[in-house]
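S.K.: Curious how this folds, go ahead:
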Amino acid sequence: MIIKASTTDEEIATKLTTEEILGKFHAAKAYSNRWSAESDRLRKFIQKHIESGRYGAFILEKSDGTPRVQATKQGNAAIQSALIIDVGIVPPKTTPGQEVWVINKDGETIAEGSIVDNKLLFSKNPPKMVKLTEVPDESTTT
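M.R.: Residues are numbered from 1 along each chain as shown. Just a heads-up that it's a prediction; the model follows:
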């Protein structure tokens with residue numbers, strides 16, 4: 001029995017034992033992880049190295065998606081461990097690289113570091129959307 005997204009609970013319950021359900025889930029999970037990783041890696045390769053066009057039985061169309069804000073490697077580190085200060089409360093003369101100290105109302109220094117430009121922490125680039133259409137190869141059609 002092939003399980004699809006549209007397969008009802010009733011069909012699964014009447015056609016498979018609990019052991020078979022668990023076995024299918026176990027097997028599918030292993031394949032899913034492998035195929036998902038392979039698909040993701042191939043998508044990245046296609047986005048970077050293959051131009052839109054027809055390639056045998058496939059038509060590849062690439063387009064820009066909606067830009068999204070994504071953290072860079074440095075941005076991910078900052079999200080986990082940095083002190084973020086709302087620039088609305090800091091004098092506008094702050095510049096990236098400027099050393100700062102955060103002092104509480106009792107005059108104790110609670111943090112020190114330097115100001116980092118948001119452009120180093122985050123990027124807003126549109127993702128490359130990949131649409132692949134399979135069509136019969138004209139050389140094999142009679």
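S.K.: which stretches of the chain aren't confidently modelled?
M.R.: 86-87, 90-92, 137-142 (pLDDT under 70).
S.K.: Centroid-wise, who is the farthest residue in it?
M.R.: residue 106 (43.6 Å; C-alpha atoms, centre = their mean).
S.K.: For residue 99, see how far away it is.
M.R.: Here residue 106 is placed at a distance of 21 Å from residue 99 (C-beta to C-beta, to the nearest Å). (C-beta placed from N, C-alpha, C; glycine too.)
S.K.: Using the three-state scheme, assign the most centrally placed residue in the chain.
M.R.: By C-alpha atoms, centre = their mean, the mean C-alpha position of the chain lies nearest to residue 70, the distance being 8.9 Å. At residue 70, secondary structure determined by DSSP: H, G, I helix; E, B strand; the rest coil is strand.
S.K.: Just give the number of residues close to the closest residue to it other than its chain neighbours.
M.R.: Leaving aside its sequence neighbours, residue 70 sits nearest to residue 123 (C-beta to C-beta, 6 or more residues apart in numbering; 5.6 Å). For residue 123, the count of nearby residues is 14 (other C-beta atoms under 10 Å).
S.K.: tell me the SS of residue 123?
M.R.: Look at residue 123: counting by three-state DSSP, its state is strand.
S.K.: That one and residue 72 touch, don't they?
M.R.: Yes. Using C-beta atoms under 8 Å, residue 123 is in contact with residue 72, at 6.0 Å.
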